[in-house]
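Turn this into a model:
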Amino acid sequence: MKLNLQYSEFEKKITSFIKDLEELSKQKISNETEYDELESSFTKVKDNCASYIESVISKDIGLELSNLIRYENRFNLGMKIPLTQKAKNLISRIKNRIRSVEYLIQIIKISDPLYLGKSFEKERSNLTTNEKATFLLSKLYSLRKTNQLWDTKMIFEFNQVELDNYDEARGVTKILENNGYVETIGTKDGLSAKITSEGKLFWEENSKPISKKEIETNMDIFISHSSQDADTAKLLIDLLKTSFNLSSSKIRCTSVNGYRLPVGASTNDLLKKEVHESKVLIGLISPASINSAYVLFELGARWGASLPLIPLITSELGSELLKGPLSGINALNCCESAQLQQLVSDLKTQLKISGESPEVYQEKIDLLVNHSLKEILPPNKNIETSNKSTNKKSNNSSQNNDDKIKPYCEKQWPDDYSMRVHCIKEQREAKQDIENSKPLDIPEDIFNRILEKAISEWPTDYTMQVHSRNEQIDAYLELNDL
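As a prediction, this is how the structure comes out:
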């Protein structure tokens, strides 16, 4: 968005339109003629204000802003309305336009290019989800005294922040809401929000700059994670300690006893410091962590500072969780033993320390892999051995479990309910097919590898799991005939 004159001149002119509308709102109406004259004057002021906005603001936003002033939601019910009621409605419409113009001024004030005179250090099209969340919270913080709810999608657009789609503004806002930093009211295309007291405190604590003198290199590994992934984090710590004989003081993990922050420490200050000072940051990537404002801020701070960052996927959603610049970083997966071995090898290089031989820590890798896979593989194909009755019971329970299917179909068809119903039915059938899979006429170990590959590649799409499984089986049979 670009303003073709000084903001002070723009504000002065817009304020004059507000004064004109205020004068109109004070007029008395005693007959139809006075009503018609007032409505005509009101329309004229509206049109003049909207035309002025279009003339001084670039076309990419000017028309959208002018429409806020020019158009009203009015309904003609075909009924004759008494003059007194008509007059009351007209005065109400004029006052609503005054509020719309005042809203417009505030919206433009928080536009980064116009009001703050600053620009992002990188292109707005390359901002991470974390940076967008940080940006939105900063804007809502600047509007905290207005105590109004602001259209978050409009804030992004006015500041030329590129969104992947209309749902991204809603998603970023929901991340902040889920952490208690904003409160929202839903709209058709997005959300309107205002910052909460907790959000104000969080922003004030985390926006303080850190001086170079405060940054020391004491921490070797910082594990950024959601508290919901504490069990995974604990298994990862066991692997790291066994692999490198690291002392507890060299690892920070706030959800695991022995690796938490010191008693009495300022949580936000110390975490912010250690996110920057640690030699390596491992980000546990799961549905819970990717919706945690703390995790997003930590990952964004590391990425923005070009410091060593290792995304470690722990969820069945796999690489689907990695968006923006994070998707360009080579991530490792807890579900694969070879990738955890690579993690240990890479950490040896980055930490510049010698580690134990693989035989020493392989058991820890197996435990972490088993833990990560237990929610992915169907019960009768789980890598852990279990008796038939246990498998049968677990399988029946799994068939009625739509925890993954319904959210998946809702994401695929957010506005088409008939297709969502079709999707759910199709996914349920495919899920049952996968869970009842049998080796048929190929070796069981080959079949299990094919099945595991299909599940790991398409963790949330059961129809694609079936397709991948069948495709691989056909290829294996064809290969044997060659």
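
wait, what's in contact with residue 180?
Under the criterion of Cβ atoms under 8 Å, 6 or more residues apart in numbering, the contact partners of residue 180 comprise 196, 198-199. To be clear about C-beta, it is placed using only N, CA and C from the backbone, and glycine gets the same treatment.

ChimeraX command for the buried members of the residues you listed?
Typed into ChimeraX, the next command selects the buried ones out of the contacts of residue 180 (criterion: 16 or more other Cβ atoms under 10 Å):
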select :196,199
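
Name the nearest of the contacts of residue 180 relative to residue 12.
Distance to residue 12 across the contacts of residue 180 (Cβ to Cβ) is lowest for residue 199, with 33.0 Å.

Can you name the residues that contact the closest residue to the closest one other than its chain neighbours?
Sequence neighbours aside, residue 181 is the residue nearest to residue 199 in space, at 3.3 Å (criterion: Cβ to Cβ, 6 or more residues apart in numbering). Under the criterion of Cβ under 8 Å, 6+ apart, the contact list for residue 181 reads 137, 195-196, 198-199, 202-203, 293.

Just the ones in helices from these, please.
Among the contacts of residue 181, the subset assigned to helices under DSSP state H consists of 137, 198-199, 202-203, 293.

What's the mean pLDDT across the helix or strand harbouring residue 230?
Assigned by DSSP states H and E, residue 230 belongs to helix 230-244. Mean pLDDT, helix 230-244: 92.

same check, this time on stretch 55-62
Model confidence over stretch 55-62, given as mean pLDDT, is 74.

Just the terminal-to-terminal distance for that stretch.
Terminal residues of stretch 55-62 are spaced 8 Å apart (Cα to Cα, to the nearest Å).

what's the helix holding residue 230 packed up against?
For helix 230-244, the helices and strands in contact under the criterion 3 or more Cβ pairs under 8 Å, 6 or more residues apart in numbering; DSSP states H and E are strand 221-224, strand 251-252, strand 280-285, helix 337-351, helix 358-373.

Relative to residue 59, which of those is closest?
Residue 59 sits nearest to strand 280-285 of all the helices and strands packed on helix 230-244, at 40.3 Å, using Cβ to Cβ.

what are the pairing partners of that closest one, and which direction each?
Using DSSP bridges, the strands paired with strand 280-285 are strand 221-224 (parallel), strand 309-313 (parallel).

how big is the angle separating it from helix 230-244?
For strand 280-285 against helix 230-244, the angle by axes from the mean of the first three to the mean of the last three Cα atoms, to 10 degrees is 150 degrees.

Helix 337-351 and strand 280-285, what's the angle between them?
Interaxial angle, strand 280-285 versus helix 337-351 (the same axes, to 10 degrees): 150 degrees.

Output strand 280-285 in PDB with nothing but the alpha carbons.
Listed next in PDB are the C-alpha coordinates belonging to strand 280-285 (Å, rounded to 0.1, in the frame of the first residue of the first chain):
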ATOM      1  CA  VAL A 280      22.300 -26.400  18.700                       C
ATOM      2  CA  LEU A 281      18.500 -26.100  18.900                       C
ATOM      3  CA  ILE A 282      16.400 -29.200  18.200                       C
ATOM      4  CA  GLY A 283      12.800 -28.400  17.500                       C
ATOM      5  CA  LEU A 284      10.400 -31.300  18.100                       C
ATOM      6  CA  ILE A 285       7.800 -30.900  15.300                       C
END
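
contact partners of it?
220-226, 229, 232-233, 236, 275, 289, 295, 298-299, 302, 307-315, 321-322, 326, 331, 347, 350-351.

Adding distance to residue 11, write the contacts of residue 180 out as a markdown table.
Listed next are the contacts of residue 180 as a markdown table, based on distance: Cβ to Cβ, whole Å:
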| residue | distance to residue 11 |
| --- | --- |
| 196 | 29 |
| 198 | 32 |
| 199 | 28 |
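
follow-up on the earlier one: next, give phi and psi for the residue nearest to residue 199.
Summarising the backbone geometry of residue 181 under the convention degrees, to the nearest 10, its torsions are phi -90, psi -20.

now it: how far from residue 202?
Residue 181 sits 6 Å away from residue 202 when distances are taken as Cβ to Cβ, to the nearest Å.

what do these two both touch?
When contacts are counted by Cβ under 8 Å, 6+ apart, residue 181 and residue 202 are jointly contacted by 137, 293.
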